[in-house]
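>>> Next comes the sequence, and after it the predicted model I'd like to discuss.
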Amino acid sequence: MLTEEKATTPRVGIVVGGRGVLAPHSRKTGETLQGMLRRRGWRCEVMEYDGRLADRLRADEVDLLYDVTFGVFGRVGLLAEICGLPLVGNSGAAAQVYDKVVLKERVKRHGFSTPKYLVYDRYTFENTWEQMSALPGPVVVKPASADLLSYGVRRFAAWEDEREAVKAHVESLFA
């Protein structure tokens, strides 16, 4: 009977890794989860979020994905949707709110106000950063996505008084 039960137990792929400083924590979380699930009789393996993941999913190695990645919000969910796999974690659609610009625009469409903002990219920042002077009062500089839990968010009391510090901080975010 035990052999029969194991054959019907879903194979769980615990997806770990991601980007930046939180990736090692994700791997540790994945190993802990794997131990807990195996003690309860589940068949599971830890799968790194890398260029080989899609091939492994297409090869039918797992029946269910469990996403414990950090910094790749929603991307595992999109892979699960493409491969037709159930997912424990954020779906691709739900993860769109991690993009702060998309979230702000959606919130505004529903009649809520949000602070004024400018969006820069690493390629045009040098030529357009003076536009920031159009923002009155305190300025909050942050990455557009919630990757790494908004690592790099910093508030400046006044744009003009802290001009060089603001520029240095923005440059460090693009580095």
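Yep, that arrived.

>>> what number of residues lie near residue 47?
22 (other CB atoms under 10 Å). In short, each C-beta sits where N, CA and C put it, glycine included.

>>> Could you find the closest non-adjacent residue to it?
Nearest in space to residue 47, with sequence neighbours left out and distances taken as CB to CB, 6 or more residues apart in numbering, is residue 13 at 4.7 Å.

>>> Helix, strand or coil: sort out that neighbour for me.
strand (DSSP: H, G, I helix; E, B strand; the rest coil).

>>> so where's the chain uncertain?
For the chain, the stretches with pLDDT under 70 are 1-7, 71, 95-96, 144-150.

>>> Which stretches in it count as helices?
For the chain, the helices defined by DSSP state H cover 2-8, 23-39, 53-58, 75-83, 100-109, 125-128, 163-174.

>>> could you dump those helices to JSON lines with mean neighbour count and distance to residue 156?
Shown next, in JSON lines, are the helices of the chain (neighbours: other CB atoms under 10 Å; distance: least, CB to CB, whole Å):
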{"stretch": "helix 2-8", "mean neighbour count": "8", "distance to residue 156": "58"}
{"stretch": "helix 23-39", "mean neighbour count": "15", "distance to residue 156": "30"}
{"stretch": "helix 53-58", "mean neighbour count": "15", "distance to residue 156": "39"}
{"stretch": "helix 75-83", "mean neighbour count": "19", "distance to residue 156": "32"}
{"stretch": "helix 100-109", "mean neighbour count": "13", "distance to residue 156": "18"}
{"stretch": "helix 125-128", "mean neighbour count": "12", "distance to residue 156": "16"}
{"stretch": "helix 163-174", "mean neighbour count": "14", "distance to residue 156": "5"}
